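Visitor: What follows is a predicted structure for the sequence shown.
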Amino acid sequence: MRAEEFFQIRRSLKSLRDISNPKYERGTLFSILLQKRIDNVKRRYHTYTSRLPEIAHHWERYREIPKWIRLPPVMRIKLLMKSLGMTNREIARSFSDPDSSEMGEMIWSAIYSDFIYSPIAVRNQFARGRVGEEIIRNYLERNDIDFKDESQLRPARKTPDFYIEDGIEIDGRNIKWIESKALFGDIKLHRVYSKKQYNQYLEMYGDGIVVYWMGFIDELTSHALITDHTLFDGPGKEFLLRMRIYMADRMAESVAERLNAEIFEWKTEDNVRSTEYLREVLKLFDSVSGNVVVSGGDRNLRGILKRMGFEVVVEK
């Protein structure tokens, strides 16, 4: 993608409603929107922390968070809690087990709607990273390529996701390492990771390749080879690129077989505002390693997945 096209897309993305565009993969647009929102938070957050007394006064008078705080839901509530003198430990405890107070209701709403900073959103990002790595791992194993993963390379100071001692030839280059990023490679993000990781990998291990699963800007400059999802294949790409999750009951096994997918058995009927229900949602994302079919999920779960950016396909 050319830089001009990227910046045009980035400007046009305002909310999750804008990530359904047949011209682009849903995962690509989600990643660009996510990175845009995170950049906005980093730019604005310090200006809000200088106004904590004002935030606390507004809450005590009106029982609401000031509308001029333009942050994602979780960050808005954490900023309010900070203004009220709560410690980081107390804030973390409140989000792990919200009570039935007015603040607790706000926390539950944020947990199920914030696709950037909520516990579910964080698990989603971990899951996406894990799926990308699993696709590469399966590719190396299918082609009988010996490699060491991150866990086997430690305690090295800096470790890529995969190290190939003998190297493999890709685009005429002898590739010794592969780094997987379930993100879109924009200029700012690539510059940060080049400084923190890629340049050191090149120095320590030799030539390598960076996989930006959601695509990248053509104008990126790097001594490492840069590619997108087209070099690798696997059933997990639908989860990454299309951001599609299937839900089925009686047809779960046949749907899973058709899609080469895993079945996740939904095991709770608790109220959605309960720690047990939240744990089950988190367990769903912890279990994902590719395509997934949820068996027994309810309407609340469908709504939560959609608010996290997914297209939910209900098989009847």
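Guide: Cool, the structure landed. Numbers count the residues shown, from 1 in each chain.
Visitor: show me what contacts the residue nearest to the spatial centre of the chain?
Guide: By Cα atoms, centre = their mean, the chain has its centre lying nearest to residue 125, at 2.3 Å. Going by Cβ atoms under 8 Å, 6 or more residues apart in numbering, residue 125 touches residue 182. C-betas here are computed from N, CA, C, even on glycine.
Visitor: likewise residue 154?
Guide: Residues near residue 154 by Cβ under 8 Å, 6+ apart: none.
Visitor: Look up how far residue 143 lies from it.
Guide: Per Cβ to Cβ, to the nearest Å, residue 154 is found 25 Å from residue 143.
Visitor: again, but for residue 115
Guide: 36 Å.
Visitor: More neighbours: those two, which one.
Guide: The residue with more neighbours, out of residue 115 and residue 143, is residue 115; 22 against 8, by other Cβ atoms under 10 Å.
Visitor: Would you check that that one makes contact with residue 16?
Guide: Yes. Using Cβ atoms under 8 Å, residue 115 is in contact with residue 16, at 6.6 Å.
Visitor: list the residues that contact both of these two?
Guide: 307, 309.
Visitor: Next up, identify which helix or strand residue 27 is on.
Guide: Assigned by DSSP states H and E, residue 27 falls within helix 26-49.
Visitor: packing partners for that helix?
Guide: With contacts taken as 3 or more Cβ pairs under 8 Å, 6 or more residues apart in numbering; DSSP states H and E, helix 26-49 sits against helix 3-12, helix 73-83.
Visitor: Measure how far the last one is from the centre of its chain, please.
Guide: Taking the mean C-alpha point of helix 73-83 and that of its whole chain, the gap between them comes to 21 Å (Cα atoms, centre = their mean, to the nearest Å).
Visitor: counting contacts, what elements does that helix pack onto?
Guide: helix 26-49, helix 52-62, helix 88-96, helix 102-111.
Visitor: Those helices: which one's closest to residue 77?
Guide: The minimum distance between residue 77 and these falls on helix 102-111, with 5.4 Å, by Cβ to Cβ.
Visitor: so after that closest one, what's the next helix or strand?
Guide: Note on helix 102-111: by DSSP H and E, the next helix or strand toward the C-terminus is helix 119-142.
Visitor: What are the buried residues along that following helix?
Guide: 119-121, 123-125, 127-140 (16 or more other Cβ atoms under 10 Å).
Visitor: neighbours around residue 194, how many?
Guide: As a burial measure, residue 194 scores 19 neighbours (other Cβ under 10 Å).
Visitor: what's the distance between the residue nearest to it when sequence neighbours are not counted and residue 241?
Guide: Spatially, and ignoring its direct neighbours in sequence, residue 194 is nearest to residue 222 (6.3 Å; Cβ to Cβ, 6 or more residues apart in numbering). Distance, residue 222 to residue 241, using Cβ to Cβ: 22 Å.
Visitor: Same check on residue 174?
Guide: The gap separating residue 174 from residue 241 is 29 Å, by Cβ to Cβ.
Visitor: Neighbour count: those two, which is higher?
Guide: Shown here are residue 174 and residue 241; by other Cβ under 10 Å, residue 241 has more neighbours (20 against 13).
Visitor: quick check: domain ranges of the protein?
Guide: Per automatic domain parsing, the domain ranges recorded for the chain read 3-111, 126-231, 243-314.
Visitor: Reformat those domains as TSV; add distance to residue 237 and mean pLDDT.
Guide: Output for the domains of the chain, formatted as TSV (distance: least, Cβ to Cβ, whole Å; pLDDT from 0 to 100):
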stretch	distance to residue 237	mean pLDDT
domain 3-111	9	96
domain 126-231	6	93
domain 243-314	9	93
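Visitor: Alpha carbons only: can I get stretch 169-181 in CSV?
Guide: C-alpha atoms of stretch 169-181 as CSV (Å, rounded to 0.1, in the frame of the first residue of the first chain):
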residue,chain,number,x,y,z
GLU,A,169,16.2,-18.7,0.7
ILE,A,170,13.5,-16.1,0.2
ASP,A,171,13.6,-13.7,-2.7
GLY,A,172,17.2,-14.6,-3.3
ARG,A,173,18.3,-13.9,0.3
ASN,A,174,19.5,-16.3,3.0
ILE,A,175,17.0,-15.6,5.8
LYS,A,176,18.1,-16.6,9.3
TRP,A,177,15.3,-15.2,11.4
ILE,A,178,11.6,-14.3,11.1
GLU,A,179,9.6,-11.8,13.2
SER,A,180,5.8,-12.0,13.2
LYS,A,181,3.7,-8.9,13.8
